[in-house]
Every structure is written in C-alpha cells, then in structure tokens.
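# return a 3D structure for these sequence lines:
(chains A, B, C and D)
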2 protein chains.
Amino acid sequence: MAATIRDVAQASGVHVSTVSRAFSAPHLVNAATRNRVLAAAEDLGYRPNRAARALTTGRTHNIGLIVADISNPFFPPLIKAAQAHARRRDYHVFVADTDEDPLVEEELIQTLTKQVDGVLLCSPRLSNRAIERLGADVPFVVVNRKVRGMSTVLMDVGHGARLAVEHLVSLGHRRVALVAGPSGSWTSGEMRDAATATARESGVELVILGPNAPTELGGLAAAADVLQAGVTGVLAYNDLVAIGLIEGLYERGVRVPSDLSVIGVDDIVSGRLNRPKLTTVAMPTSAAGRTAVDLLLASVGAGDGATPALATLETNLVIRESTAPPT
Amino acid sequence: MAATIRDVAQASGVHVSTVSRAFSAPHLVNAATRNRVLAAAEDLGYRPNRAARALTTGRTHNIGLIVADISNPFFPPLIKAAQAHARRRDYHVFVADTDEDPLVEEELIQTLTKQVDGVLLCSPRLSNRAIERLGADVPFVVVNRKVRGMSTVLMDVGHGARLAVEHLVSLGHRRVALVAGPSGSWTSGEMRDAATATARESGVELVILGPNAPTELGGLAAAADVLQAGVTGVLAYNDLVAIGLIEGLYERGVRVPSDLSVIGVDDIVSGRLNRPKLTTVAMPTSAAGRTAVDLLLASVGAGDGATPALATLETNLVIRESTAPPT
DNA sequence: GACAGGTGTGCAACCGGTTGCATTAATGTG
DNA sequence: CACATTAATGCAACCGGTTGCACACCTGTC
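Residues are numbered from 1 along each chain as shown, chains lettered A, B, ... in the order given. So this is what the prediction gives:
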C-alpha cells in the first residue's frame, strides 16, 4: 500500500502531527526536523491523501465544471483553460456533460456538491430559480447567464450581435435573419435583444427563426426557413449553426457570401479553416475559463459572506469571407 | 452545514451504523427501520459524503481521464462518452489536459492517483517505461498505445491506414506521402508501419514527412514539404492536419482533390462539413471511451490479480470528396 | 424447556489526515 | 536569578463515514 503519514512519522522518528505540520504549516516546525521529515517522505514516496485532508479542512481542492455538451467546440477551449488554471492553483477539476438536459444537470450538481469546493456552471440549461436553490449548498460561478446573487462571467455577446448586424447593414443588407439557439439559452436571448434594437435603429427588417439546436444539424435544418424568410444576411446562434446553415444553403444551390451573407458566433477553430472562412463574433472562451476559476476560488476562500462578482468580457467581430454586399 | 450520518441517526432514533447499513447494505436492516431512516435522510437532505466513504472503503468512485489536448476535436467525443458511461456506473470523472507535455502528464497522474480508483490514459506521450512504473500505484487503461501488462483499448488505425493507401493506389496514385504526427505517438507509428507495408506490396513510393504537430498548424506548415516531395496523394496523421494541409495547399494555388488527394484520420465532425468534404479513416472514439471505462471498472473490481484485457476496435475508410484520380 | 441458529441493532475501532491544547526546553527581561 | 515568553513537539479528539464483533431477542426443534 501507499505510504501514510504514520509511516513517515515512524521513519523520521517524530509524531504524526509534526509530519502533518511539516507539510501544511512549515513555519511551525524546526528546519532540521522538517528536512528529516521531508527526506523520509520523499524516500517512501509519500503523498498526502487529499480526501482525508478534505475531511477535516472542509477543502477538497476540487472543483466541478458542468457544461451542456463537451463535443460542442465552443467548450473545449474553456475547459482546457479552466483546467490548466485550476491546476496552477493546485485544484483538480471534475468535468461533466449534461447532454443539454436540465434534469441531468441538477442531479450532477447534487452528487458533485460534496466532493468539490465550488462549481462552474457553463451555459446552464437550468432555470434561474433552480440555480439559486442549488447555490445554497455550494459556491457557484455561472458562465454566460445572469443569476441574482451569484458570481458571473459574461461574454458580451449582445455587443457582438450589435456589431454583426451593423456590419451587415453597412454592407447594404436591408432584411436580415437571426437564427436563434435553444430556448433556455441566455446567450440567445441577449443576441435577440441586441439584434432587435440594432435593426430598429438602423431601419432594417429582422426576422427571428428558431429555436434551433446549437449544432451543425440545427443549422442544416434552418436552411429552408432562411430561404423562406427571403433575407440576404444571417446572424447565426453560433459557428456550428452557421457552418451547418452554409452547408444546407449550398445543397440548395445558394452560395455564401455571393448569394447570402452569414455571420457566426464563437470563432471556433474550424470556422477559420472552413471555406468560406467564417465572419464571426469572437468569444474569449479561454479567458472566460480562467476568470471563472479565479472568481470561484476567490469566493471559496471568502466564505459565504462574499459579494458576488461580475466579470464581463469583451467580444469582437472578426470579418472574414462569409459576408459580402447583397446582390 | 450539510446533514451528516449522525444527524440522520438522531432524527430516526437509531445508531449511525444502522444508518450506514440502510444505505450500503440494505439487506442487513429491518425493512421498517430502513424506511424510517430513509425518510429522515430525505427530510434532512442527507447525501453520503463520498470522500469520507472512500477513506474506509478504499473506493473513491472517481476516475481520472488524461488526454493530451482537450481542444483537439478527436478527444471530446471520447471524453463525453466516457463521462456519460462512468456516470451510469456512479463514477465521477476528473479530466486533465497535459498540453502534450510528458512531464505534466506524469505529475498529473501522481497527484490524481490518491483520488481515483483508476486512470484512463488517452494517447499518452509518456514512455512505456514511465507508464509501467506509474501503473504500480493505480490501475490504468491505456487508449491508443500498447503497454505490456496493462489493459488497453486500441483503434486499429493500422488497418485504416492500409485502406487509405489502397484507396489512393486504386485511384491511380503512384507516389504518396504520409504526413506523420508527433514522435511519441503510437498511432503515428502504426500508420507508418502499415503505410510502408502497403506501399511496398502495391509497388508505390511512399515518403514520410514529419514529425508534425497534430493540429491545423502542423498541417499548414507541412504544405511546403508535401509540394516539395512531389506526391499526388497524402495520408495525414489526422483530420486537423489534413484540413490545415488543404488550407496550406490552397494558399499555394494547389487544389484538392483535383491537383492532390488528401486523406485524414478520425472523422471529426468539422471534416464532414468542410469543403471539400474529407475522405478519412473513421475512428470509433465514443465506443473507445465506453470500452475504456468498462475495462477500467472491471480491473478496479478485480484487484491487482486481474489479467490485463485488450480491446481492439475497428476503423473504416469513409470516402468523401478530398480524393480523386491524379491528373 | 434447553439449546442451536438466525436476525437486527449497537458498540467502538478504524481510514488518513488536521488542529487546539498541554508540555517541555530554550530564550529574553528586569 | 526568578519569571514570563516563545519555539518546537506530542497528545488526543475530530472530520464522516464503514465494519467486525458482541449482544439481545425471536423462532424452531427435539
């Protein structure tokens, strides 16, 4: 079996409490003793058992990261950044995928609660009520959703949607569509509000299509609706939808951007290599992952009394090849 | 604070041990008592603390999943499937990303070891020696690598590479290239061996280019080498490399498939929506994730004495639009 | 009616750490 | 030199569960 603190104590001729302190409160133990303990520990290949430590300290040094769909390319950079950042702070991360199902999400949160110091909820599909309720048991940081009294990381997709619509308008489009996302999505709502306002201000018509699945298939399926709507420009819920839409249009003989302009959201890598290269609203996903971890660990350290923090990250429009003046 | 087993014991008027048994050994407790306990537990919102349980049972009900790069689209479906499958078996999953760095990989394994019942190592960059050594502390299942004495899930990429080269040959290509992956990659070695053998048997020339980063950038950078090599067909290490390569060729005025044929590996989603749609060797990533979890949990249950299992999953060639006869 | 066997529960030790308090020795102060 | 501090370490309780063992009670058997 693996070495325990008692093995180390025995090997170095001190009490277990001294060994414990040698690791977690070095200033309380004599330097010479400490070196002896450390040497013995090294020798035995001792590593503190984090679960046992968690039992007394109440800190597991784990966090949970819950996303709707790991295979949606929007999430991996966020997961990657969060995980790397957490590791630097000596935290491990549980990753769980809810399959876009609020029930699974809730159950996951509950079983995870006892094992983690906090949970990162990314683009949750749960209702705000449910999130507030569950948040009583464990600190949350919510990404891409505004929940009262809870720390939040937002990517200002409303601003991005505004830029996108303005871009279409400046190219000369007069009738544009928003291909919306899932109904529970905060992002989709923000886009809708911003696009609606911008369209009104610019005096162009906006039709809203959806809800749609946030995937290529969702985009593919929306192609018919888009043609039906008689628009010349489209803002899609995300890049996957945009790519699927472009494919669906292609199958129907409609070319992007010559016949129709399409803008995505997220700036996922494959959009940069697709043809046409996607004009898109770039989302700072890696930064969001890091920021969320920072906020979470801050509120873990601070205890319940902490005021919830709000971080809003900028988005910007990246103009590539999928947009052009209408013909 | 959250309810503990003692709170439940008090509320239902029995000893803690009875509460414990009501949950983990129901047949040992009277049905009526059990119901009373369960009701009290429900009432208090009691959930057993898994960390505390792990301390005595030695089972954490957690597994670790270590991948080289979460944002490589090959992995998310595997992670997703593994995670979903584990959850069905009441296991949580730590996901960690090594950033393709063997040192990070080793350190991650060590810190994770105490917290998990087993580790899934996907496409490890560590040497076999290192893996065998670390495997003494915790059960491993290795995906996409053959390690002596260790349970393994392989995707038969050698067979896929053979099919790919045969496909190029049947189209009439006489000089083809393999754009290899990272040097530590087992997959890359398998592809090399299979491609070499197939080329010799078919009497065509094969040039091997690399090592390359397993990303679009790696493919982009390999474009010059490919042109230099004077080949008409290419088998790329994976779809990302293939997509990057196609992009690099495009920038140099070379069209796929009319001027050059390209085959990828993995069958990632974005390859199916790229233009030209990628001809590729499809990898059963979801099945691999599930199988790996099954193997891991089996060996966790069996203890050290278990004979390592080997699962080999089939790959197959999906012919789309990136391959054509040479001109 | 004594006894073997089975069932349901309690007791207490244990898992691997942490931490408040007590103890001892060394140091500083007037 | 007596006394108050401080530094270093040991002791033992505790975190939240699990589990081997003991005990009480009930049932059935000869």
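# distance of the closest residue to A:S202 other than its chain neighbours relative to B:R47?
Nearest residue to A:S202, sequence neighbours excluded (Cβ to Cβ, 6 or more residues apart in numbering or on different chains): A:V169, at 4.6 Å. For every residue, glycine as well, the C-beta is placed using N, CA and C. Shown here: A:V169 relative to B:R47, a distance of 53 Å by Cβ to Cβ, to the nearest Å.
# ranges for the strands of chain A?
A:62-67, A:92-97, A:118-122, A:140-143, A:151-155, A:175-179, A:205-209, A:233-236, A:261-266, A:279-282, A:310-313, A:316-318 (DSSP state E).
# and those strands, which is most packed in?
Among the strands of chain A, the stretch with the highest mean neighbour count (mean count of other Cβ atoms under 10 Å in any protein chain shown) is strand A:233-236, at a mean of 31.
# just checking, what packs against that one?
helix A:157-171, strand A:175-179, helix A:239-251, strand A:261-266 (3 or more Cβ pairs under 8 Å, 6 or more residues apart in numbering or on different chains; DSSP states H and E).
# the first one - what's its average pLDDT?
Looking back up the chat, that one is helix A:157-171. Mean per-residue pLDDT for helix A:157-171: 98.
# nearest to B:I66, out of the strands of chain A?
B:I66 lies closest to strand A:92-97 among the strands of chain A, at 11.4 Å (Cβ to Cβ).
# mind exporting the closest one as PDB, just the C-alpha atoms?
The C-alpha trace of strand A:92-97 is given here as PDB (Å, rounded to 0.1, in the frame of the first residue of the first chain):
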ATOM      1  CA  HIS A  92      -8.400  19.300  -9.800                       C
ATOM      2  CA  VAL A  93     -11.500  19.500 -11.900                       C
ATOM      3  CA  PHE A  94     -14.400  17.200 -12.400                       C
ATOM      4  CA  VAL A  95     -15.900  17.700 -15.900                       C
ATOM      5  CA  ALA A  96     -19.400  16.600 -16.500                       C
ATOM      6  CA  ASP A  97     -21.600  16.800 -19.500                       C
END
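# now for that strand, which elements pack on it?
Using 3+ Cβ pairs under 8 Å, 6+ apart: strand A:92-97 touches strand A:62-67, helix A:75-88, helix A:102-113, helix B:75-88, strand B:92-97.
# okay, now the domains of chain A?
Following automatic domain parsing, one gets these domains for chain A: A:5-48, A:60-155+A:285-314, A:157-283.
# buried residues in stretch A:35-44?
Judged by neighbour count using 16 or more other Cβ atoms under 10 Å in any protein chain shown, the buried positions of stretch A:35-44 are A:36-38, A:40-41, A:44.
# tabulate the residues you listed (TSV), appending pLDDT.
Below are these laid out as TSV (pLDDT from 0 to 100):
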residue	pLDDT
A:R36	94
A:V37	93
A:L38	94
A:A40	93
A:A41	93
A:L44	93
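# need the contact partners of stretch A:319-327.
A:167-168, A:171-174, A:232-233, A:242, A:246, A:256-259, A:261-264, A:272, A:275-280 (Cβ atoms under 8 Å, 6 or more residues apart in numbering or on different chains).
# now A:P139, nearest residue through space, not along the chain?
A:P139 sits nearest to A:G118 (Cβ to Cβ, 6+ apart), 4.1 Å away.
# if we can go back for a sec, just the helices and strands packed on strand A:92-97: most buried one?
strand A:62-67 (a mean of 26).
# got the contact list for the residue in the stretch 151-300 of chain A positioned nearest to DNA strand C?
Nearest to DNA strand C, among the residues of the stretch 151-300 of chain A, is A:V300, at 14.5 Å (Cβ to the nearest atom of the strand). Contact analysis of A:V300 by Cβ under 8 Å, 6+ apart lists A:59, A:117-118, A:139.
# out of these, which is nearest to DNA strand C?
Looking across the contacts of A:V300 and measuring by Cβ to the nearest atom of the strand, the closest to DNA strand C is A:R59, at 8.4 Å.
# how near is the closest one to A:G158?
For A:R59 relative to A:G158 (Cβ to Cβ), the value is 37 Å.
# again, but for A:D239
18 Å.
# pLDDT below threshold where in chain A?
Scanning chain A with the threshold set as pLDDT under 70 gives A:1, A:303-306.
# how about A:N49: what's its closest non-neighbour residue?
Nearest one to A:N49, counting by Cβ to Cβ, 6+ apart, is B:K114 at 5.0 Å.
# what distance do you get for the one you found to DNA strand C?
7 Å (Cβ to the nearest atom of the strand, to the nearest Å).
# what do you get for A:L134?
Distance from A:L134 to DNA strand C, by Cβ to the nearest atom of the strand: 27 Å.
# what's the closest non-adjacent residue to that residue?
Per Cβ to Cβ, 6+ apart, closest to A:L134 is A:I109, 5.2 Å.
# right, and the one you found touches A:V119 too?
Yes: the pair A:I109 / A:V119 is scored as a contact, 6.2 Å apart, by Cβ atoms under 8 Å.
# quick check: neighbours shared by those two?
Joint contacts of A:I109 and A:V119 (Cβ under 8 Å, 6+ apart) are A:64, A:66, A:138.
# need the contact list for the first one.
With contact taken as Cβ under 8 Å, 6+ apart, A:G64 is in contact with A:93-94, A:96, A:108-109, A:112, A:115-116, A:118-120.
# go again using 10 Å as the cut-off
By Cβ atoms under 10 Å, 6 or more residues apart in numbering or on different chains, the contact set of A:G64 is A:93-96, A:108-109, A:111-113, A:115-121, A:138, A:140, A:296, B:92.
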